[in-house]
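# Quick one: sequence plus predicted model below, questions after.
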Amino acid sequence: METLRFLLHRARGKRPGPRSYSIYRNVEGPGGEGAAGLELKVTDGEEDEDMAALVTPSPRNRTKALTYLVLSALLVFTVAFLLGYVALRGSCPSCAGLRGDLLAVVSDEGTVEELPAPGPPLYWADLKEMFQKYLREESIERTIRWVSEGPHPPGSPRMDALTHRLLESFTSYRLDRAWTDTHYVGLQYPDRQNPNFLHLLDTQGGILEKLPLEDPEMYCPYSAPGNATGGLVYANYGRQEDFDALRQLGVNPQGHLVIVRVGQISYAEKVANAESAQARGVLIYPDPWDIPQDPRKLGLSQNRAVYGHVHMGTGDPYTPGFPSFNHTQFPPVLSSGLPSIPAHPISASTAARLLSKLTGLAAPRNWKGRLAEVPYHLGPGDSGTRVHLQVNNIKTSTMISNIFGCLEGRFEPDHYVIVGAQRDSLGPGAAGSGVGTALLLELARTFSTMVRNGFQLRRTLLFASWDAGDFGSIGSTEWLEGYLTMLHLKAVAYISLDNAVLGDDKFYAKTSPVLVSLIESVLKQVDSPNRSSQSLYEQVTFPDRPGTVMQPLSMDSSAYTFITFAGVPGVEFSFTEDGRLYPFLNTQDDTYENLNALLFGRLPAVARSVAEVVGQLLIKLTHDHLVPLDFACYGDALVQQITPFNLYSSELKSRGLTLQWMYSARGDYIRAAEKLRQEIYSSDERNERLNRMYNVRIMRVEFYFLSPYVSVTETPFRHILHGRGAHTLQALLEHLRLLREAPGRFNEALFRRQLALVTWTLQGAANALSGEVWDIDNNF
């Protein structure tokens with residue numbers, strides 16, 4: 001600025017004074033929005049005279065002075081702009097999309113442009129505070145109450161009213177869009193004119209006793225209709241290992257009905273295992289060992305049955321692999337997961353009546369439950385005791401409606417972060433659908449409010465309320481089937497809110513591996529709902545039991561279909577009680593009052609904690625510059641899955657087989673992940689074109705592990721690590737085990753085919769993660 005003083009003096013024909021100097025500082029504009037101006041203070045003995053020269057110069061020098069003044073002002077403005085930019089550019093990593101008061105966008109030519117944002121930058125702490133400020137615990141409580149006032153199965157008048165109310169709520173929250181997606185599906189309901197029944201028979205086939213089935217609305221959707229008559233065999237939980245144990249003990253379920261306990265695996269898996277053992281039918285009951293039934297405490301009545309569907313799959317089983325839109329030309333096929341034997345839930349009191357009549361071998365000690373005065377024999381024992389089960393469920397074509405609302409992202413609007421919850425319930429469904437629906441609505445309202453108050457979503461946030469969830473995630477699966485081609489290109493992640501609050505002692509995240517690191521970081525920042533001095537992460541993690549918080553997804557979760565069918569990372573969160581199941585889930589007693597009493601009146605607070613976990617996860621997924629998915633984690637997962645194969649190297653070598661190609665493909669994936677990590681680390685995070693390229697590769701990692709060699713309609717769960725079928729790594733290992741356990745059943749030709757398809761799926765994942773075709777280096 002001495003140059004400015006010299007030029008002004010020169011215009012007046014004077015030399016600058018020996019003590020002239022200037023002081024500059026940034027001045028905040030209105031509202032404190034950064035460097036909006038520059039203050040110039042001239043301190044010199046000749047100050048008045050100099051300023052007079054500026055205001056009233058002589059005519060001879062006026063033009064020259066004005067020229068110098070304009071040039072100097074431009075210089076001052078440029079310096080001030082650069083200083084302001086440098087001072088404000090240091091945003092936190094979690095807010096990488098915001099650079100001070102500037103946001104980066106990509107022009108049509110692919111160059112990076114800087115556009116002014118409407119307000120000051122929002123850092124991670126600001127976003128957390130904003131979310132907690134607008135989240136309303138009382139809204140969650142109020143919604144759980146009105147959703148769970150009574151049963152609301154698909155197609156019922158109450159369900160229709162609930163559908164309209166949710167759509168109106170999404171509209172009132174001022175979301176960018178709200179709409180419904182309608183499907184026509186085949187659901188199975190009891191025939192009220194011809195109810196199901198269970199009888200005890202004598203040796204002549206006469207009825208000894210008509211056993212009560214209690215509530216006629218409690219049944220197993222998609223059970224095979226018809227009757228099953230035979231002896232009775234106790235098969236514990238109905239797991240495959242339970243049937244293997246029966247076979248080793250010399251007890252054959254073939255030609256008999258089996259009775260199994262609720263828990264450990266899904267109803268569909270129990271029935272599928274019984275069918276594989278050639279049983280004629282299945283009865284499923286809640287044992288007091290698993291589900292508390294003490295009349296002196298809060299627990300399930302001994303006269304209550306627990307319902308559950310028995311389709312070994314998801315979606316409409318009458319249109320497998322196809323969306324059930326009204327205009328769809330339905331193929332004349334049924335899902336291979338539909339059972340061919342009848343199944344029905346019964347109460348503990350009815351189960352005790354049946355089990356007390358069993359003779360034969362005593363059940364193993366760890367199979368014995370807590371039914372009073374029941375010795376727990378395996379049966380079938382005396383042929384004089386026979387059971388007759390009649391199931392008369394009927395298929396009903398039903399219109400279901402999924403409800404959606406969205407907040408569009410600014411920079412990647414075609415990339416969706418999806419959060420969803422089941423809306424229907426065969427019972428009141430406080431835990432089954434009430435909590436999830438309440439969380440969904442409150443998250444939609446909270447994020448909409450945040451957007452109106454300055455939060456800018458980088459990616460689109462999609463809210464989904466699913467119909468027909470009690471029948472096997474039908475609503476979500478039909479939607480995936482209808483838009484599968486585009487969703488694997490656009491969906492970043494899916495978060496399920498189903499069964500979010502079943503207690504408050506333990507917290508589980510059933511998740512895809514790519515979300516584990518992100519979930520752990522979020523849990524460390526959310527307070528425990530019942531331990532004020534601890535974070536949620538500190539409450540639920542134990543040094544002697546690492547990894548207990550993160551668990552694999554089961555087929556019962558809607559997130560499972562997103563991962564294994566669509567290749568979209570998914571997670572389902574759940575608070576549970578320590579050491580026992582929530583006793584009222586999938587019963588007519590799943591009410592707000594029972595759920596809140598189980599939590600000693602703290603249901604709203606626990607639900608709020610889940611909302612905070614999900615909310616922070618959504619902020620990260622929709623706001624961070626790069627999608628925060630741990631794409632390198634599958635390197636470790638592959639090592640864990642492939643390590644057991646080493647035990648059979650000698651058997652394979654004797655047959656001229658090798659696993660070297662599979663090991664090489666695993667190594668290629670690990671190297672590709674490390675290469676991508678290095679590329680991201682050394683790149684310019686302000687380059688939106690690069691960021692988008694990286695995000696596309698990262699968000700499709702789950703999709704890379706879907707086998708391209710199996711049919712979607714015949715083998716929908718195509719993921720080679722988490723799916724089901726002969727194409728998976730688990731199936732390959734089980735086939736390999738036959739070399740030792742049953743060499744005669746080992747099929748070398750089939751094994752070679754399985755090995756080749758698994759290997760090339762792994763290699764394809766490595767190639768896709770590597771980027772362009774010219775970056776791939778395959779050295780088999």
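Thanks, I have the structure now.
# Just give me the neighbour total for residue 691.
24 (other Cβ atoms under 10 Å). Heads up, the C-betas are built off the backbone N, CA and C, glycines and all.
# pretty sure it is in contact with residue 679, am I right?
No. Between residue 691 and residue 679 there is no contact under Cβ atoms under 8 Å: 11.6 Å.
# Could you look up the SS state of the nearest residue to residue 320 once chain neighbours are set aside?
Nearest non-adjacent residue to residue 320, counting by Cβ to Cβ, 6 or more residues apart in numbering: residue 335, 4.1 Å away. Classification of residue 335 using DSSP: H, G, I helix; E, B strand; the rest coil returns coil.
# Pull the contacting residues for residue 335.
Each residue near residue 335 by Cβ atoms under 8 Å, 6 or more residues apart in numbering is listed here: 311, 312, 313, 315, 317, 318, 320.
# these two touch, right, the second one and residue 267?
Pointing back at residue 312 there. No. The pair residue 312 and residue 267 does not pass the contact test of Cβ under 8 Å, sitting 9.7 Å apart.
# out of these two, which sits in the more crowded spot?
residue 267 (28 against 23).
# Can you give me every residue that contacts the nearest residue to that one once chain neighbours are set aside?
Spatial nearest neighbour of residue 267, excluding adjacent residues (Cβ to Cβ, 6+ apart): residue 308 at 3.7 Å. Contact analysis of residue 308 by Cβ under 8 Å, 6+ apart lists 220, 266, 267, 268, 284, 345, 586.
# For my notes, confirm residue 619 occurs in a helix.
Yes. Assigned with three-state DSSP, residue 619 falls within a helix.
# For it, grab the count of nearby residues.
The burial count for residue 619: 24, using other Cβ under 10 Å.
# Could I get the contacting residues of it?
Applying Cβ under 8 Å, 6+ apart, the residues contacting residue 619 are 127, 128, 131.
# I'd like the list of the residues you listed that fall within helices, please.
127, 128, 131 (DSSP state H).
# Next, format those as JSON lines and append neighbour count and distance to residue 183.
Putting the ones in helices among the contacts of residue 619 into JSON lines (neighbours: other Cβ atoms under 10 Å; distance: Cβ to Cβ, whole Å) gives the following:
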{"residue": "127", "neighbour count": "20", "distance to residue 183": "36"}
{"residue": "128", "neighbour count": "17", "distance to residue 183": "38"}
{"residue": "131", "neighbour count": "21", "distance to residue 183": "33"}
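# Let me have those in JSON lines, extended by distance to residue 740.
What follows is the ones in helices among the contacts of residue 619, written out as JSON lines (distance: Cβ to Cβ, whole Å):
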{"residue": "127", "distance to residue 740": "55"}
{"residue": "128", "distance to residue 740": "54"}
{"residue": "131", "distance to residue 740": "55"}
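# how about those residues in TSV, adding pLDDT?
Below are those laid out as TSV (pLDDT from 0 to 100):
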residue	pLDDT
127	93
128	92
131	96
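# At which residues are the strands of the stretch 251-400 of the chain located?
257-261, 281-285, 343-345, 386-391, 394-407 (DSSP state E, counting those that start in this stretch).
# partner strands of the third one, parallel or antiparallel?
Strands that pair with strand 343-345, judged by DSSP bridges, come out as strand 281-285 (parallel).
# any idea of the mean pLDDT for the strand it pairs with?
Mean pLDDT, computed over strand 281-285, is 98.
# Tell me what angle that strand forms with strand 386-391.
90 degrees (axes from the mean of the first three to the mean of the last three Cα atoms, to 10 degrees).
# Low-confidence stretches in the stretch 51-200 of the chain?
Where the stretch 51-200 of the chain drops to pLDDT under 70, the residues are 51-71, 73-120.
# before we move on, what about the chain?
Scanning the chain for pLDDT under 70 picks out the ranges 1-71, 73-120, 295, 326-332, 381, 383-384, 542-548, 775, 777-780.
# I'd like the strands of the stretch 251-400 of the chain laid out as CSV, including mean neighbour count and distance to residue 186.
Compiled in CSV, these are given as follows (neighbours: other Cβ atoms under 10 Å; distance: least, Cβ to Cβ, whole Å):
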stretch, mean neighbour count, distance to residue 186
strand 257-261, 28, 26
strand 281-285, 27, 22
strand 343-345, 28, 18
strand 386-391, 22, 16
strand 394-407, 20, 5
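# Distance to residue 557 for those strands - can I get that in TSV?
Below are these laid out as TSV (distance: least, Cβ to Cβ, whole Å):
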stretch	distance to residue 557
strand 257-261	21
strand 281-285	20
strand 343-345	20
strand 386-391	26
strand 394-407	17
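# among the ones you listed, which is nearest residue 424?
strand 394-407 (8.0 Å; Cβ to Cβ).
# Paired strands for the closest one, with orientation please.
strand 177-189 (antiparallel), strand 459-466 (antiparallel).
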